[in-house]
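Colleague: show me the folded form of this:
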Amino acid sequence: MIAPMLPNAESLAEILAGKVDYVMFDRMNYHYADWVYRKYNLEDKMTDDYFDRTERTLSATFAKLGIK
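Modeller: Now for the predicted structure:
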């Protein structure tokens with residue numbers, strides 16, 4: 001599991017290639033870490049839009065790598 005989905009998560013597909021058989025994405029809300037997002041001005045990374053865009057990018061890249 002990789003959580004929370006932070007900036008540059010898109011590069012994880014290549015890093016995990018050959019190490020995982022499948023991936024699953026789930027929008028889990030870990031609000032205990034919200035202060036970290038605010039501290040580093042990453043509030044935009046807490047949005048549904050960011051999660052959806054990153055999930056689509058990662059899904060496509062994993063699929064190209066043959067990972068379900």
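Colleague: what separates the longest helix belonging to the chain from the chain centre, distance-wise?
Modeller: Secondary structure assigned by DSSP state H gives helix 48-64 as the longest helix of the chain. How far helix 48-64 lies from its chain's middle: 7 Å, per Cα atoms, centre = their mean, to the nearest Å.
Colleague: now do stretch 15-27
Modeller: 10 Å.
Colleague: buried ones in stretch 11-25?
Modeller: Using 16 or more other Cβ atoms under 10 Å as the test for burial, stretch 11-25 gives 12-13, 16, 23. C-beta: built from backbone N, CA, C; applies to glycine.
Colleague: residue 37 is in contact with residue 45, isn't it?
Modeller: Yes. When contacts are counted by Cβ atoms under 8 Å, residue 37 is listed as touching residue 45 (6.2 Å).
Colleague: hmm, back to that, of the buried residues of stretch 11-25, closest to residue 65?
Modeller: Among these, residue 13 lies closest to residue 65 (Cβ to Cβ), at 6.2 Å.
Colleague: per-residue pLDDT, that closest one?
Modeller: We note a pLDDT of 91 for residue 13 in this prediction.
Colleague: list the contacts for it?
Modeller: Applying Cβ atoms under 8 Å, 6 or more residues apart in numbering to residue 13 gives the contacts 58, 61-62, 65, 67.
Colleague: that one sits in which helix or strand?
Modeller: helix 12-16 (DSSP states H and E).
Colleague: packing partners of the longest helix of the chain?
Modeller: helix 12-16 (3 or more Cβ pairs under 8 Å, 6 or more residues apart in numbering; DSSP states H and E).
Colleague: circling back to that earlier point, and the next element down the chain from the helix holding residue 13?
Modeller: helix 34-39.
Colleague: who are the neighbours in contact with residue 50?
Modeller: By Cβ under 8 Å, 6+ apart, residue 50 lies in contact with 5, 44.
Colleague: good, we can wrap up now.
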